[in-house]
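S.K.: Quick one, what's the 3D model for this:
(chains A and B)
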Amino acid sequence: MIDNHSAHDTKVLCLNRPFGVADTLPEKRFDKLEKRFATILTLSGLVVVILLLAIFLSLLLYSMPAIKTFGIAFFMGRTWDAAASQFGALPFLVGTLLTSFLALLISIPFSMSISIFLGEYFREGAFSTFLKSSIEVLAGIPSVIYGLWGLFVLMPVVRYMEVKMGVPPYGVGIFTSSLILAVMIIPFSASIGREVISLVPADLKEAAYSLGATKYEVIKRIIIPYARSGMIAGILLALGRAIGETMAVTMLIGNSNFIPQSIFSPANTMASVIANEFAEATGITAASLIYVGLILFIVTTIVNIVGNWIIKKIGIEASREIG
Amino acid sequence: MERQVQFRLIKNGVFKILVVLLAVICLIPLLLILYYITKNGIAVINWDFFTQLPRPIGESGGGIFNSIIGTIILIILSSIISVPFGIATGIYLSENKEGKLPNTARLCVVVLQGTPSIVLGIIAYIWVVVPFKSFSALSGGIALSIMMLPVIIKTTEETLKLIPYNLKEASLALGVPYYRTILKVILPAGINGILTGFLLSVARITGETAPLLFTAFGNQFMNFNFLKPIDSLPYRIFFYAMSPYPEWHAFAWGASFILVIIVLGFNLIARGISAKWKVQF
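M.R.: Below is the predicted model:
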């Protein structure tokens, strides 16, 4: 196996160097270059760690005024009023939770279908290639364009629906944002789902088929239980993305700083309130917005670490079983 | 017994139809988005649209020349910052598979990848806009370069891991020093994969708006000064879309059309390179 050679072996190897290119360089200079190269590489490894720490510390430092003034009660406060210097983030917390979970709920049947479609029913062929590249295109479209499309195409449709249903026809609001968010996160959970489904060992499936199981039964009894944790990881990563998604939501959520009354009312998420107000904010308002940003950073970090940890564990398990 | 089997077969068929149906429904929004962008976008695109500056409302004509140039400047600026760091870190991670620092760095890359872009906007604001006391192209470039970094690191690492180990051994056996082996043998062998990663990261930042809202900020005039606000395509789309004027809405569609073509173009080239690259193994 390739991996058995560690970096240390190579370093030992190059100490026994006497031939070739090294000959043209004086010993000392050679050692210096070698050391400098190793230092540069290690430093660049350090840079990423320092960068992340610096991001966290900067957010913490600049939100300090707000943390000192409002403390943990910040997340219980219902009013966000810059004129009165009164800040509570509960409306945005509720807005973020509602939009992302609603989006997740809408997207799960679709992303699961795509993963099963590409991972089991049609693994190869023109149609699966077409679907796969379409999903990739869907993932590549910029967020602001989803917002634009949602604003001019989806919003009138939702407004028409709301008129028919007899709720206040804002058009924009949590429901509209969730619809767009659902479309945006489908590619993420679908591609991870497809990968974990194709990792299911063939002999398990074949054993079930040989007992006379139908394809549906194999999917339900073998594939889904086997791939469950991977699919959950995919959904978790999609959730992380939905929580942090900014532009499309900012354009469609209606920007209201009050706790939403229903899923059709306008609201604000943590990301959208920053996008809307940060450019003009000063003093305690800016600090409060950075405080919101800090929480956003911490939440997405946790969601991402857990999601990736699950995926890594599955990868290790799968390789162990094949080996 | 017969009936039982029949029932199971029907269930099997219904499930398959359901899966195919739901999968195909996902294509509808994509088709609708592409359709509306093309229909509304092409209507406003002409030569002036590419070569003129935006005009105030009430004056007809004008274009988004400054936004296109601004986007290009931002891409170049953020690439200059992130590409050297990204590739160096990628080499470091592929050369050191175990250990405390490499594993921590790998975790940091994952976290950085998932960090919301709006948070990176705040960071660039704190780090650059506050000390310089002005919105600037530089701050936008820094926010975008932090977004590029994890993509470049990840693809560089994955590509270099794929390079056959005997290539490295052959080079070292000839007495080539370690650093030259990396720079002259391993890196050139993986250049296609690294290029793919670079293009994917550029595609990722080209359409990014959130971190530019309070860093690059937008500017309706042409600007080449790094320390002054600069315009960009996604920002212009946002600005025009949120305005109350139908003429500007039309411009937003036109700009979207151009942006989608650029982003998908980058993606397509990247896939082309990576497809060609896989054949070599």
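
S.K.: how about low-confidence regions in the stretch 151-300 of chain A?
M.R.: Under the criterion pLDDT under 70, no range of the stretch 151-300 of chain A is flagged.

S.K.: all helices of it, in order?
M.R.: In the stretch 151-300 of chain A, the helices defined using DSSP state H, counting those that start in this stretch lie at A:155-165, A:174-198, A:202-210, A:215-218, A:224-244, A:247-252, A:270-277, A:283-322.

S.K.: how about those helices in TSV, adding distance to chain B?
M.R.: From N, CA and C alone the C-beta is placed, and that goes for glycine too. Listed next are the helices of the stretch 151-300 of chain A as TSV, based on distance: least, C-beta to the nearest C-beta, whole Å:
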stretch	distance to chain B
helix A:155-165	10
helix A:174-198	5
helix A:202-210	12
helix A:215-218	4
helix A:224-244	3
helix A:247-252	5
helix A:270-277	5
helix A:283-322	4
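
S.K.: out of these, deepest packed?
M.R.: helix A:247-252 (a mean of 30; mean count of other C-beta atoms under 10 Å in any protein chain shown).

S.K.: Show residues contacting that one.
M.R.: Contacts to helix A:247-252, defined as C-beta atoms under 8 Å, 6 or more residues apart in numbering or on different chains, come from residues A:99, A:142-144, A:146-148, A:150-151, A:154-155, A:172-173, A:176-177, A:180-181, A:184, A:269, A:271-272, A:275-276, B:209-210, B:234, B:238, B:241-242.

S.K.: Any chance of the backbone angles for whichever residue of the stretch 1-150 of chain A sits closest to chain B?
M.R.: For the stretch 1-150 of chain A, the residue closest to chain B is A:Pro142, as judged by C-beta to the nearest C-beta, at 2.4 Å. The phi and psi values for A:Pro142, taken as degrees, to the nearest 10, are phi -60, psi 150.

S.K.: Identify the residue spatially nearest to it, adjacent ones excluded.
M.R.: Counting by C-beta to C-beta, 6 or more residues apart in numbering or on different chains, B:Gly207 is the residue found nearest to A:Pro142 once chain neighbours are left out, at 2.4 Å.

S.K.: can you check A:Phe75 too?
M.R.: A:Ala89 (5.4 Å).

S.K.: just to revisit the earlier point, put together TSV for the helices of the stretch 151-300 of chain A, with distance to A:Gly119 on each row.
M.R.: Below are those laid out as TSV (distance: least, C-beta to C-beta, whole Å):
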stretch	distance to A:Gly119
helix A:155-165	32
helix A:174-198	3
helix A:202-210	11
helix A:215-218	12
helix A:224-244	8
helix A:247-252	28
helix A:270-277	32
helix A:283-322	14
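
S.K.: Nearest residue to the middle of chain B?
M.R.: The centre of chain B sits closest to B:Arg204, judged by C-alpha atoms, centre = their mean, with a distance of 1.2 Å.

S.K.: I'd assumed B:Met148 was in contact with that one.
M.R.: Yes. The pair B:Arg204 and B:Met148 qualifies as a contact (C-beta atoms under 8 Å) at a distance of 7.0 Å.

S.K.: Point me to the residue of the stretch 1-150 of chain B nearest chain A.
M.R.: Of the stretch 1-150 of chain B, the residue with the smallest distance to chain A, taken as C-beta to the nearest C-beta, is B:Pro116 at 2.8 Å.

S.K.: Assign a three-state SS to B:Asn223, would you?
M.R.: coil (DSSP: H, G, I helix; E, B strand; the rest coil).

S.K.: got a list of what it touches?
M.R.: B:66, B:70, B:137, B:229-231.

S.K.: can you list the weak-confidence ranges in the stretch 151-281 of chain B?
M.R.: For the stretch 151-281 of chain B, residues meeting the criterion pLDDT under 70 lie at B:277-281.

S.K.: Now with 80, please.
M.R.: By pLDDT under 80, the low-scoring segments of the stretch 151-281 of chain B are B:274-281.

S.K.: Do you have the helices of it handy? List them.
M.R.: B:165-173, B:178-180, B:187-189, B:191-206, B:233-242, B:246-279.
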